[in-house]
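Asker: sequence unknown, structure follows:
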C-alpha cells in the first residue's frame, strides 16, 4: 500500500534492470533467445562479466535458461517479458499510485489486414507441432496482418495433438502445409523464426536477408508419458508461443502496438 514518507531504495526491478550491462542484455533478448557467446558479442563485454549479470537477472526471475537440444552443452537464455511488464507496472506504483501502469491486454484477432502482410516463416525439425502451431497462432492473433509458413529440416506428418489443441483454442489451422525447408529457400520472408535448437544449426540463407529470430522451445512430444500428459505439454507449448507472438507482433507490425493498449 502507498504511504507518505521517504522511500529509501528504488524497487528491486529498477535496481536489477537499471544496470547498463543488464539493460543491454535484456534488450538483446527481447526478440530472440541467445547463447552467452552471442550476448558477449552484442554487448561487447567479457564473457565472465556477461555471465555474472545473466546470473543476477536469473536470480531476479527476469531471465531463464535451458540446455540446448542441439548439443546439450551450451544454454539458451530468454527474457520473461510478462514478468518484466508486471514488475515495471509495480515500480511506477511504488513511486506514486497514479503512475502504476496497466499491463497490456492479450493480442486479439479481428483487425483488418494491412495492405502488405508481414511474411513469417517458422522452422523446426519435424514441422509436426511447433512450427504449424506457431503459424496458425500468429495468423489468428495478428487478425490477418501476418502471413505465415511452416517448414522442417526433417518434416513428419502433423501430430494429432497439434490440431486438437488449435481446435480447443478456437484457432483455425494455417492454410500452408508443413514442408521441407528446401522447398521454401527461394521465397522471400520478412522474418524467419527457428523454434528448435537443431533447426537453428541447419537454417539456410533465404533470399532478401530476412531477420532471423530464435525461440528455443522443447519438442512437446519428446517426454513420452500418457496421452493426457502429451496433450498437456502441447497446451503449454501453445501458451508459450502465444505469449511470445503477442510480444513479437508490435515489433514486426507497428500497427499492432495500438491494439495492445
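Answerer: Looks like it came in fine. Note that the structure is predicted; figures quoted are calculated from it, not measured. Numbering: from 1, shown residues only.

Asker: How is the closest residue in space to residue 179 that isn't next to it in sequence assigned, secondary-structure-wise?
Answerer: Spatially, and ignoring its direct neighbours in sequence, residue 179 is nearest to residue 151 (4.7 Å; Cβ to Cβ, 6 or more residues apart in numbering). C-betas here are computed from N, CA, C, even on glycine. What DSSP: H, G, I helix; E, B strand; the rest coil gives for residue 151 is strand.

Asker: So residue 151 is in contact with residue 181, correct?
Answerer: Yes. Using Cβ atoms under 8 Å, residue 151 makes contact with residue 181 at a distance of 4.5 Å.

Asker: Tell me the confidence at the residue nearest to residue 179?
Answerer: On pLDDT, residue 151 comes in at 93.

Asker: list the buried ones in stretch 59-76?
Answerer: Neighbour-count burial for stretch 59-76, with 16 or more other Cβ atoms under 10 Å as criterion, is recorded at 60, 62-63, 65, 68-70, 75-76.

Asker: And the strands in the stretch 101-250 of the chain, which stretches?
Answerer: 118-124, 146-152, 179-180, 191-194, 211-214 (DSSP state E, counting those that start in this stretch).

Asker: can I get those strands in CSV with mean neighbour count and distance to residue 17?
Answerer: Below are those laid out as CSV (neighbours: other Cβ atoms under 10 Å; distance: least, Cβ to Cβ, whole Å):
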stretch, mean neighbour count, distance to residue 17
strand 118-124, 26, 29
strand 146-152, 25, 29
strand 179-180, 14, 41
strand 191-194, 26, 25
strand 211-214, 18, 22
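
Asker: Dump these into CSV; add distance to residue 41 as well.
Answerer: What follows is these, written out as CSV (distance: least, Cβ to Cβ, whole Å):
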stretch, distance to residue 41
strand 118-124, 23
strand 146-152, 28
strand 179-180, 31
strand 191-194, 19
strand 211-214, 15
